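In: Give the three-dimensional model of this entry:
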Amino acid sequence: MMRGNSTLAKAPRKAKTSAPAAQANSETEDFALRSLQQELEKQKRFAASDEQMLHFYEQMLLIRRFEERAGQLYGLGLIGGFCHLYIGQEAVAIGLQSALDNDRDSVITGYRDHGHMLAYGIDPKVIMAELTGRQAGISKGKGGSMHMFSTEHKFYGGHGIVGAQVALGGGLALAHQYNEDGGLCLAYFGDGAANQGQVYETMNMASLWNLPIVFVVENNQYAMGTAVKRSSAETEFYRRGTAFRIPGMDVNGMDVLEVRQAAEIAFKHVRDGNGPVLMECNTYRYRGHSMSDPAKYRTREEVQDYRDHKDPIEAIKKLLIEQGKSEDELKTIDKDIRKIVSEAADFAENSPEPDPAELYTDVLVEEY
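Out: Residues are numbered from 1 along each chain as shown. Modelled structure (predicted):
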């Protein structure tokens, strides 16, 4: 067949738009993609009441103390397999999930999932029991650290396949849209998963179909153990939705009030029918990627600098003291939370393991 045949001929080019008009259109589109960030810049921190501020502090401290105890139980051999702790990243889960509508919205995340479950207000006892593989666990001891699940709370995991939860999150968002329930999906993934192809396939479809989803990159700077600048050509992850016309937000993930303010803006944008948002929460994990990671790819001084100057819990503690809370009051809160975590650990250790017959349940929905 000759190249000149009409079946292979290229479609005629459209007439070029005049330069001023093209420039105006470009500026309008650029503004649309920057608009959420510009709104955040107007007011970067959520105007929390004293009660809300104290609740954020308590919830973040619960995650911190829970994860510290989980690390201890792992060292004692009571938690097996992989265990990925959320220490340092508490402000992300609390800031975002405190803004959700728990009756409508859904959440899905990767395998660093204990903090997200605690942010939902799920009983620490059943989470710790799951970590230790006990029948009383939220997934009957069969999910463990990486695969927790609660349909009651619309929490759909805990996924071990890097980036897979993003595609599933797209499906959850499609379900919200199809059912017209007014809900949105909050889909977390990390800076390592941000280079997975399925992430961008999902972004493309979400934008095409105007799905109610907020993509959240929890950028803790190192993925499994490789610094962002060594693994990613574009290190500003919030820009990565631009090709799909998805507005991005660059958020300080170590400040719970900034995360909450960003959530207010992003969630409203999605609920108003404007389609997906991509949010990058810049955060930091104090421990290794998992409990088996010695984290030799960074210095102790770097970690200590984050602890001393950027810790999300210490930051809100300082604000509470400025508002009139005493050190003794905050110490009492910490003592009470340590007691809750200790009771959760005792509950888990004293709970029975699943009956062997459980190996054959929840494997298939039905026989085929």
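In: Please, which helix or strand holds the residue nearest the centre of the chain?
Out: When the chain is reduced to its mean C-alpha position, the closest residue under CA atoms, centre = their mean turns out to be Tyr188, at 3.5 Å. Secondary-structure element containing Tyr188, defined by DSSP states H and E: strand 185-190.
In: repeat for Met279
Out: With elements taken from DSSP H and E, the one containing Met279 is strand 277-282.
In: same check, this time on Leu364
Out: Assigning secondary structure by DSSP H and E places Leu364 outside every helix and strand.
In: Now do the strand holding Tyr188 against strand 277-282: the angle between them, please.
Out: The directions of strand 185-190 and strand 277-282 differ by 40 degrees, with axes from the mean of the first three to the mean of the last three CA atoms, to 10 degrees as the criterion.
In: What's the local residue count around Asn220?
Out: Residue crowding around Asn220 was assessed by other CB atoms under 10 Å; the count is 23. The C-beta positions use only the backbone N, C-alpha and C, and glycine is treated the same way.
In: Repeat that for Asp272.
Out: Each residue near Asp272 was counted by other CB under 10 Å, and the total is 9.
In: separation between it and Ala263?
Out: In this view, Asp272 and Ala263 are 15 Å apart by CB to CB, to the nearest Å.
In: Then Ser98?
Out: Going from Ser98 to Ala263 by CB to CB gives 8 Å.
In: So those two - more neighbours on which side?
Out: Using other CB under 10 Å, the more surrounded residue of Ser98 and Ala263 is Ala263, with 26 against 19.
In: That one sits in which helix or strand?
Out: When the helices and strands are read off by DSSP H and E, the one containing Ala263 is helix 256-271.
In: CA atoms only for that helix, dumped as PDB, please.
Out: Output for helix 256-271, consisting of C-alpha atoms alone and laid out as PDB, is shown next (Å, rounded to 0.1, in the frame of the first residue of the first chain):
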ATOM      1  CA  VAL A 256      -0.800  18.000  61.200                       C
ATOM      2  CA  LEU A 257      -2.500  21.400  60.900                       C
ATOM      3  CA  GLU A 258      -1.200  22.000  57.300                       C
ATOM      4  CA  VAL A 259      -2.100  18.500  56.300                       C
ATOM      5  CA  ARG A 260      -5.600  19.000  57.700                       C
ATOM      6  CA  GLN A 261      -6.000  22.300  55.900                       C
ATOM      7  CA  ALA A 262      -4.800  20.700  52.600                       C
ATOM      8  CA  ALA A 263      -7.400  17.900  53.200                       C
ATOM      9  CA  GLU A 264     -10.200  20.500  53.600                       C
ATOM     10  CA  ILE A 265      -9.300  22.100  50.300                       C
ATOM     11  CA  ALA A 266      -8.700  18.900  48.300                       C
ATOM     12  CA  PHE A 267     -11.800  17.100  49.600                       C
ATOM     13  CA  LYS A 268     -14.100  20.000  48.800                       C
ATOM     14  CA  HIS A 269     -12.600  20.100  45.300                       C
ATOM     15  CA  VAL A 270     -13.400  16.400  44.800                       C
ATOM     16  CA  ARG A 271     -16.900  16.600  46.400                       C
END
